[in-house]
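J.: here is a sequence with its predicted model. Questions after.
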Amino acid sequence: MNDRKTVLALVVAFAALCLILGIIVVPLTLAPNAVTQWFNRDQDQLVPVSLDLVDEPVPTLTLQPQSSSDFEQAGSLAGFQEISFENLYNQVSPGVVSIQVIVEQNGMVGEAAGSGFVLDREGHIVTNNHVVDGATLVSVIFYDGFESRAEIIGTDVDSDLAVIKVDHLPDNVFALVVGDSDDVDVGEWVVAIGNPFGQQSSMSVGIVSALGRMLPTGVTAFSIPQAIQTDAAINPGNSGGPLLNLQGEVIGVNAQIAASGTGTNSGVGFAIPSNIVRLVAPVLIERGAYQWPWLGVEGTDVTLSVAEANGLDSQHGAYINGIVDGGPAASAGMRGSTGTKQVDGFAAPVGGDVVVEADGKPIHFFSDLLVAVAFKNPGDTIELTIVRDGVRQQVQVELAPRR
C-alpha cells in the first residue's frame, strides 16, 4: 500500500510540474550526440494518384466475437485483449526503418535519428522533412540490422514529409499499405512503431484521441490539415515512423508531440494523415517537390462573439479576418475585417466575409476551408459561398501557388 501511495505522489508531483512548465509542441527527432542543436527548421475527397504506393497488402487482423458476459468482465478493454499485437508487430516491422543523419551547420557536425517506412519495392521510404532537413549523409537501418546509405529524393516543408531511397531492399523487407485516413475514427486502437530515443523497432499502443487537428509546421505560415491526435507513446526519434491501425495499414506519419519542458511523450501526439502522404509522396518521387495551392486569407472559426458582432444567425463558417495583398482572394474581391466591436468586453472583428460553402460543400470551421483548398491544385478554381453584410453570394477564386 505504501508503494502505491508513493507512486501516486510521484504522479501528482509530475502532473503539477507539467502545469507549471506549460505545454509546447515539439518535433520528434533525436540528436543523441549532436554538436549543434537539432531542431525543426525551417480535402474532402482523396485525390487519386497514378503511382502505386504499396506492395501486396499486409494480412489483416480482426477482433474475435465475444459474449456479453465477456464484455462485462473486461469492460472497455473487451476485444483489445483478443488482438495479437505480437502478430501485428511481426507483420509490419519489416516495413519500418530507423534513420540516422549527419548534419553540418556553421562548420560543426551533428548527428540525429528518426524513423520511416518503406513505400514501394523500388526502395522509396517516407519520413519527416525535419528528420532529413540539412542532412549531408542519410543511413537507413532495417529491422534485421542491415544498414544502407540513402538518397534524399524529395522534401516538402509545408507537409513535413520527405521521401528518401535506398538502392535495394533486403530480403523479407516489404512496403507497408498506405490506408485511407478518412476512414479513421476517434477511439480506435492504433500502433506506433519507430526509433524512440534511438531504440530501434520499438512499438507502442494507444487510441486515436481526436481527428482534424491543424498541425503547425513551426517553420512556415501554413499548417498541416486533418492531423491525427493519439495517446500512443511517441517520443523523440519516432519522427517519420508509421501510425498504424489494427489491419496493419499506415494511417499517419508520426511528427510531433505536445510535451512538457522535457520534450517527451505526454500522451498527446500528432501524426500527418495518410491521405496527405498519398497526395504528396508520389509528386516528391516524380518531381522532388510539391506545390500547394494558396487562397491568401487569414481567419478563424465563427465563435459566439464573432457571430453576435456580425449579426450572424449561425456559428458555422470560416470568418475571414485578413486578405493578403495581391493574393487569389484579393483578386477575387473577397473582404477581410473592417474593424472591431465590443462583445462582452472583448473586441470581436467585424466586416469580414464568412465562407459557408466551398464547391457546394458546407464549411463549418476555418479548418474546413483550409482542407478544401489543400486538396486542389494551383490554377484550379474554387467556388466559395460567402455571407457578406447578411447576403449570401458566390465568389470564384483561382488558386495560386503558395509563396
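T.: Yep, it's here. Everything numeric in this text was worked out from a predicted model, so none of it was measured.

J.: what separation do you get for the nearest residue to N275 once chain neighbours are set aside and G107?
T.: The shortest distance from N275 to any non-neighbouring residue, by Cβ to Cβ, 6 or more residues apart in numbering, is to S181 (4.6 Å). C-beta here means a position set from N, CA and C on the backbone, and glycine is covered the same way. Using Cβ to Cβ, to the nearest Å, we find S181 at a distance of 42 Å from G107.

J.: now the helices for this structure?
T.: Counting by DSSP state H, the chain has helices at residues 2-21, 68-74, 85-92, 129-132, 274-287, 304-309, 328-331, 366-374.

J.: buried sites along the longest strand anywhere in the chain?
T.: Taking DSSP state E as the criterion, the chain has its longest strand at strand 202-216. The neighbour-count check on strand 202-216 (16 or more other Cβ atoms under 10 Å) flags 202-206, 208-209, 213-216 as buried.

J.: pLDDT averaged over that strand - what is it?
T.: Mean pLDDT, strand 202-216: 94.

J.: quick one: it to helix 366-374, angle?
T.: 90 degrees (axes from the mean of the first three to the mean of the last three Cα atoms, to 10 degrees).

J.: now strand 202-216, how far from the chain's geometric center?
T.: Put simply, strand 202-216 sits 8 Å off its chain's centre (Cα atoms, centre = their mean, to the nearest Å).

J.: packing partners for that strand?
T.: Counting contacts by 3 or more Cβ pairs under 8 Å, 6 or more residues apart in numbering; DSSP states H and E, strand 202-216 is packed against helix 85-92, strand 189-194, strand 223-230, strand 268-273, helix 366-374.

J.: out of these, nearest to G326?
T.: Comparing the helices and strands packed on strand 202-216 against G326 with Cβ to Cβ, the closest turns out to be helix 366-374 (17.1 Å).

J.: how far does that closest one sit from its chain's centre?
T.: Offset of helix 366-374 from its chain centre (Cα atoms, centre = their mean): 15 Å.

J.: now do the contacts for the nearest residue to D344 once chain neighbours are set aside.
T.: Nearest residue to D344 in three dimensions, chain neighbours excluded: S305, at 6.6 Å (Cβ to Cβ, 6+ apart). S305 sits next to 343-344, 346, 348 when contact means Cβ atoms under 8 Å, 6 or more residues apart in numbering.

J.: just the pLDDT for S305.
T.: 95.

J.: quick revisit: worst mean pLDDT among the helices of the chain?
T.: In terms of average pLDDT, helix 68-74 trails the rest of those, at a mean of 32.

J.: returning to what we had before: biggest separation within the contacts of S305, which pair?
T.: Pairwise over the contacts of S305, using Cβ to Cβ, the maximum falls at D344 and A348, 8.9 Å.

J.: neighbour count for the two, which is higher?
T.: A348 (20 against 8; other Cβ atoms under 10 Å).

J.: more neighbours: S181 and G107, which one.
T.: A direct count of neighbours by other Cβ under 10 Å for S181 and G107 places S181 higher, at 26 against 7.

J.: so where's the stretch 151-300 of the chain shaky on pLDDT?
T.: For the stretch 151-300 of the chain, the stretches with pLDDT under 70 are 259-263.

J.: and the helices and strands packed on strand 202-216: which comes nearest A318?
T.: Of all the helices and strands packed on strand 202-216, helix 366-374 sits nearest to A318, with 4.1 Å by Cβ to Cβ.

J.: neighbours around E249, how many?
T.: With other Cβ under 10 Å as criterion, E249 counts 23.

J.: wait, what's in contact with the residue lying closest to it once chain neighbours are set aside?
T.: In this structure, E249 finds its nearest non-sequential neighbour in G179, 3.2 Å apart by Cβ to Cβ, 6+ apart. Going by Cβ under 8 Å, 6+ apart, G179 touches 245, 247, 249-251, 274.

J.: try 7 Å this time
T.: Neighbouring residues of G179 by Cβ atoms under 7 Å, 6 or more residues apart in numbering: 245, 249-251, 274.

J.: what sits closest to T155 if chain neighbours are left out?
T.: Excluding the flanking residues, the one nearest T155 by Cβ to Cβ, 6+ apart is A162, at 4.4 Å.
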